[in-house]
Structure formats: structure tokens, C-alpha cells
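> okay, sequence plus prediction incoming.
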Amino acid sequence: MTKLSVNINKIATLRNARGANNPNVVQVALDAERFGAQGITVHPRPDERHIRYQDVLDLSKVVTTEFNIEGYPDRRFMDLIKLVKPAQATLVPDPPEAITSNSGWDTIKHLEYLKDIVAELHSYGTRVSIFINPETKYFEPAKETGTDRVELYTEPYAVNFPKDKQAAIKPYVEVSELARQLGLGLNAGHDLDLHNLKFLKEQIPYLDEVSIGHALVCDALYYGLENTIQMYRRQLEV
Ligand SMILES: CC(=O)[C@@H](O)[C@H](O)COP(=O)(O)O
Ligand SMILES: NCC(=O)COP(=O)(O)O
């Protein structure tokens, strides 16, 4: 079964637009779980443009599905994970000024660094996932870091899907098979939506988890959050 983890970054974006507490990020997370979310994902960026570190502390007290915290493993992030001990920490190589996540790790260049980070996160009892591009050269080094899972960076898939879905999925199927052979758990995320998700799941049925936020929140503006979460869940029931 592939779990749907709902990324609520953009709920916090809307909340921050007025400086008050509407929408209430904690309440949306609880409702999302009630509506069928099998995990809650947040990405507290250093500038706190959307999810704030305090949100993470507040959410950690109430989230009952899997709590997945994404981020660059700077000291503040590592101390946050040590304090919160979420089900999963997803490491992304985003520089602070990045408008969004736009690449996976160079696990060859950063192998020793990632080994230390993964070991520290494991000492906190947290499962680790590493954001990765669909390039085979990065997968054996990813395994060497000791990570439990990798998260396929799916923006290239989403961009190419409308043009040629078979070409778009090809590298992802190739690296997923390799990940499986290496004993790596497999997550996927970034720019997944109601158009491209079902085909991804059909072609990579053993995905452990997809984390989806931007498109899901946009869809919820038209279909409502409960209906939207259930629409995304149905895309994963192939
Ligand atoms: C790692 C990834 O692709 C997303 O989870 C990321 O959290 C999106 O960040 P923004 O919501 O800031 O665009
Ligand atoms: N890891 C991907 C994620 O959490 C959400 O990415 P997006 O759906 O907001 O692009």
C-alpha cells in the first residue's frame, strides 16, 4: 500500500498572509487525518515563509498518523528532530534562498556528511529518507549513508508527463528497481497531482509513500479538503 502524506506548507502560507491564525494549521492537520491523510508532512524552511518551527512543536503533540519533517540538516533542523522525534525526517539539499526544492542530494559528493547526519537521526529513533534525483549513480551511495528510504524528486516527471508519459516515467522505474534491489524504502514527492499520480503508482506499485502538498491544496480550493484527500487516495488504489 502506498501511503498519502499531506504536506501542509501551503496552509501555513495562507495563514501567514494575514498574520493571525486562520486557517489554523493544527486544526487542518487533524482534519486532514480524519479525511484520510495517512501522514502529515511539513517543511520548516529557515526563513519560516510558511511552516514555522513552533508549528512543528504544536503539530508533534497532536498528529496521530506519520509525522514527516523535511529540511536541510542544519543544526536548527537537527535539534528540532531531536526534540520532536518524528516518524520520519526527509533530508533535502535546499539552500535557504531556494523558492522550493529543486534537486535531490549528490550522495557521491556528500556521502560522508550524510552518513553522519543519518547516524545522528537514527540515534533519535527517527526513520530517515533522502531526497534524490532519478539517476542510478546516486543510489548505491545513498544506501551507503545508512538511510532507510529515498524520496524520488518527481518534478521532472511532472513536467514531462503531459508531453510523453512513457518517457517521463522511464528513469523513475529504472531507479526504483535499483532501490528495491538495494533494500531501500521508496518515497516520492514534488509536483505530484491528480493528473500524474495514478500513472506513477501503476508503474511503481511498491512505493511506500507519496508526499503531496501544493497541488492538493490548490485542488482543495475547488473540491474541498475532505473530497480532495479522498480523490488523491483513490489515485493510489490501483
Ligand atoms: C521536498 C519537496 O519537494 C517539498 O516537500 C517541499 O517541501 C516543497 O516546499 P515548498 O512547499 O516550500 O514549495
Ligand atoms: N516531498 C514532497 C512534498 O512534501 C510536497 O511537494 P509538493 O506536492 O508541494 O510539490
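Ah, there it is. Ligands and ions are numbered 1, 2, ... in the order given.

> how about the residues of the protein near ligand 1?
When proximity is defined as Cβ under 6 Å from any ligand atom, the chain approaches ligand 1 at 7, 9, 43, 45, 70, 92, 100-101, 131, 189-190, 211, 213. C-beta: built from backbone N, CA, C; applies to glycine.

> for those residues, give me a markdown table that also has secondary structure, distance to Val159 and neighbour count.
A markdown table is the format used below for the residues of the chain next to ligand 1 (DSSP: H, G, I helix; E, B strand; the rest coil; distance: Cβ to Cβ, whole Å; neighbours: other Cβ atoms under 10 Å):
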| residue | secondary structure | distance to Val159 | neighbour count |
| --- | --- | --- | --- |
| Asn7 | strand | 19 | 27 |
| Asn9 | helix | 20 | 21 |
| His43 | coil | 20 | 24 |
| Arg45 | coil | 22 | 22 |
| Glu70 | strand | 21 | 25 |
| Val92 | coil | 18 | 26 |
| Thr100 | coil | 13 | 13 |
| Ser101 | coil | 14 | 22 |
| Phe131 | strand | 17 | 22 |
| Gly189 | strand | 14 | 25 |
| His190 | coil | 10 | 26 |
| Ser211 | strand | 18 | 27 |
| Gly213 | coil | 17 | 23 |
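
> and these near ligand 2, which?
Filtering those for proximity to ligand 2 by Cβ under 6 Å from any ligand atom leaves Asn7, Glu70, Gly189, His190, Ser211, Gly213.

> what sits against the fifth one?
By that I understand Ser211. Ser211 sits next to Ser5, Val6, Asn7, Gly39, Thr41, Asn68, Glu70, Thr90, Glu151, Asn187, Ala188, Gly189 when contact means Cβ atoms under 8 Å, 6 or more residues apart in numbering.

> tell me if Leu192 really is in a helix.
No. Using DSSP: H, G, I helix; E, B strand; the rest coil, the assignment for Leu192 is coil, not a helix.

> any idea how far the closest residue to it other than its chain neighbours lies from Thr90?
Ranked by Cβ to Cβ, 6 or more residues apart in numbering and with sequence neighbours excluded, the top spatial neighbour of Leu192 is Ile212, at 4.9 Å. For Ile212, the distance to Thr90 equals 13 Å [Cβ to Cβ, to the nearest Å].

> now Tyr232: which helix or strand?
For Tyr232, the host element (DSSP states H and E) is helix 225-235.

> just how off-centre is that helix within its chain?
Offset of helix 225-235 from its chain centre (Cα atoms, centre = their mean, to the nearest Å): 17 Å.

> in that helix, what counts as buried?
By 16 or more other Cβ atoms under 10 Å, the buried positions in helix 225-235 come out as Leu225, Thr228, Ile229, Met231, Tyr232, Arg233, Gln235.

> now swap in stretch 39-54 and tell me
For stretch 39-54, using 16+ other Cβ under 10 Å, the buried residues are Gly39, Ile40, Thr41, Val42, His43, Pro44, Arg45, His50, Ile51, Arg52, Tyr53.

> so what pairs up with the spatially most central residue of the chain in the strands?
For the chain, the residue nearest the mean C-alpha position is Ser211 (4.2 Å; Cα atoms, centre = their mean). Beta-bridge partners for Ser211, by DSSP bridges, are Ser5, Gly189.
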